[in-house]
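Trainee: okay, sequence plus prediction incoming.
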Amino acid sequence: MPTAVQIRRTGGPEVLEVAEVEVGDPGPDELLVDVAAAGVNYIDTYHRSGSYPLDLPATLGQEGAGTVAAVGSDVTGFQVGDRVAWQGVLGGYTQRARVPARSAVRIPDGVSDEVAAATLLQGVTAHYLVRSTYEVAEGDTILLHAAAGGVGLLLTQLAKARGARVIGTVSTAEKEALAREAGVDEVIRYDQVDFAEEVRRLTDGEGVAAVYDGVGRTTFDGSLASLRVRGFLVLFGAASGPVPPVDPQRLNKAGSVYLTRPTSAHYVRTREELDWRAGELFEAVTSGALTVRIGGRYPLAEAAKAHEDLQARRTTGKLLLIP
């Protein structure tokens with residue numbers, strides 16, 4: 001039987017267990033995939049800790065890539081041997097997975113399985129953030145927290161391609177170098193200065209059109225203080241913990257600003273939308289317009305180490321599990 005990383009109880013990285021699992025044949029609308037690589041994302045730590053409850057036992061992982069081993073009876077458009085990637089489907093930390101066909105996309109020639117697994121979830125996130133949640137326009141100045149993280153490096157490149165000026169926050173000199181390499185125009189070491197004050201200085205007091213904040217609790221107040229009038233505060237994660245309840249009147253005082261908390265499922269509701277986002281991402285990868293940085297590769301048995309490194313902010317780019 002194939003092996004997978006499961007949790008039987010919630011808690012720290014120590015609750016991650018490698019176990020043999022019964023996968024079975026694909027359902028009528030599913031693909032059976034031999035997994036080549038699985039993406040490690042912050043949402044996996046929320047599932048593991050119980051912040052986002054799951055029915056237990058559960059196999060973690062929201063993203064992967066591999067080769068189709070079998071096709072369900074009602075599936076069209078895929079066949080055995082196709083290379084596919086998916087995101088937003090629980091159960092990627094495994095050697096073999098059943099994946100709903102509606103959530104899978106073909107991997108084009110010129111894109112490896114590892115790059116595909118490193119691109120799709122965070123890439124779709126970056127894509128909808130800059131194309132749909134707040135549509136970045138030429139000449140906009142935006143603030144991006146954790147600019148050297150997986151989403152940060154991708155979002156920077158997509159925003160720069162749309163003509164934006166990107167201000168990014170990081171915590172180390174190494175991460176500053178990576179952020180600048182990706183195209184960040186102004187880097188703020190938030191461990192050294194008040195980032196909101198620095199944003200005001202860099203924008204001549206105006207503030208930014210949008211803040212993309214995947215950190216949450218520790219950055220929320222400063223993010224709100226960094227916006228221009230009618231700016232957008234986009235919360236897409238909570239690496240430092242959830243934001244406490246907010247009085248809507250604060251949005252008025254900040255300049256009639258907007259606050260939103262998007263999630264990927266609402267931005268890939270149709271086959272057409274998923275194909276559009278994935279297609280633009282893969283096209284950018286194959287053309288060289290988008291560089292995907294893989295920051296670490298771990299065997300399934302070291303999934304706990306991957307979680308520890310991610311939560312300790314010891315990583316840059318994307319982490320992968322290689323079955």
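Mentor: Nice, I can see it. Numbers count the residues shown, from 1 in each chain.
Trainee: where does the most centrally placed residue in the chain sit relative to residue 205, distance-wise?
Mentor: The residue lying closest to the centre of the chain (C-alpha atoms, centre = their mean) is residue 122, at 2.8 Å. Distance from residue 122 to residue 205, counting by C-beta to C-beta, to the nearest Å: 33 Å. To be clear about C-beta, it is placed using only N, CA and C from the backbone, and glycine gets the same treatment.
Trainee: same check on residue 104?
Mentor: Going from residue 104 to residue 205 by C-beta to C-beta gives 48 Å.
Trainee: out of those two, which sits in the more crowded spot?
Mentor: The neighbour comparison of residue 104 against residue 205 (other C-beta atoms under 10 Å) goes to residue 104, with 26 against 9.
Trainee: okay, and the beta partners of that one?
Mentor: residue 86 (DSSP bridges).
Trainee: quick one: residues contacting it.
Mentor: 31, 33, 78, 84-86 (C-beta atoms under 8 Å, 6 or more residues apart in numbering).
Trainee: quick one, which of these are buried?
Mentor: Buried by 16 or more other C-beta atoms under 10 Å: 31, 33, 78, 84-86, out of these.
Trainee: closest one of these to residue 195?
Mentor: Checking the buried ones among the contacts of residue 104 against residue 195 with C-beta to C-beta, the nearest one is residue 85 at 34.4 Å.
Trainee: enumerate every residue touching the closest one.
Mentor: Here residue 85 is in contact with 63-65, 104-105, 107, 113, 116-117, 119-120, 278 (C-beta under 8 Å, 6+ apart).
Trainee: how near is it to residue 44?
Mentor: Taking C-beta to C-beta, one finds residue 85 at 17 Å from residue 44.
Trainee: would you map the strands across the stretch 101-250 of the chain?
Mentor: Taking DSSP state E, counting those that start in this stretch as the criterion, the stretch 101-250 of the chain carries its strands at 104-106, 141-144, 165-170, 186-189, 208-213, 227-235.
Trainee: quick one: mean pLDDT for the first one?
Mentor: By that I understand strand 104-106. Confidence for strand 104-106, expressed as mean pLDDT, is 96.
Trainee: ok, now the last one?
Mentor: On average, the pLDDT along strand 227-235 is 98.
Trainee: and for the fourth one?
Mentor: The average of the pLDDT scores along strand 186-189 is 97.
Trainee: ok, longest strand in the chain?
Mentor: strand 30-40 (DSSP state E).
Trainee: need the nearest residue in space to residue 187, chain neighbours excluded.
Mentor: With sequence-adjacent residues excluded and distances taken as C-beta to C-beta, 6 or more residues apart in numbering, residue 187 is closest to residue 176, at 4.8 Å.
Trainee: what does residue 274 give?
Mentor: Residue 274's closest residue in space is residue 268 (C-beta to C-beta, 6+ apart), at 4.3 Å.
Trainee: let me see the confidence value for the one you found.
Mentor: So, for residue 268, pLDDT stands at 95.
Trainee: number of nearby residues for it?
Mentor: If you count neighbours by other C-beta under 10 Å, residue 268 ends up with 22.
Trainee: check contacts around it.
Mentor: By C-beta under 8 Å, 6+ apart, residue 268 lies in contact with 87-88, 124, 128, 274, 277.
Trainee: which one of the contacts of residue 104 is nearest residue 169?
Mentor: residue 85 (29.6 Å).
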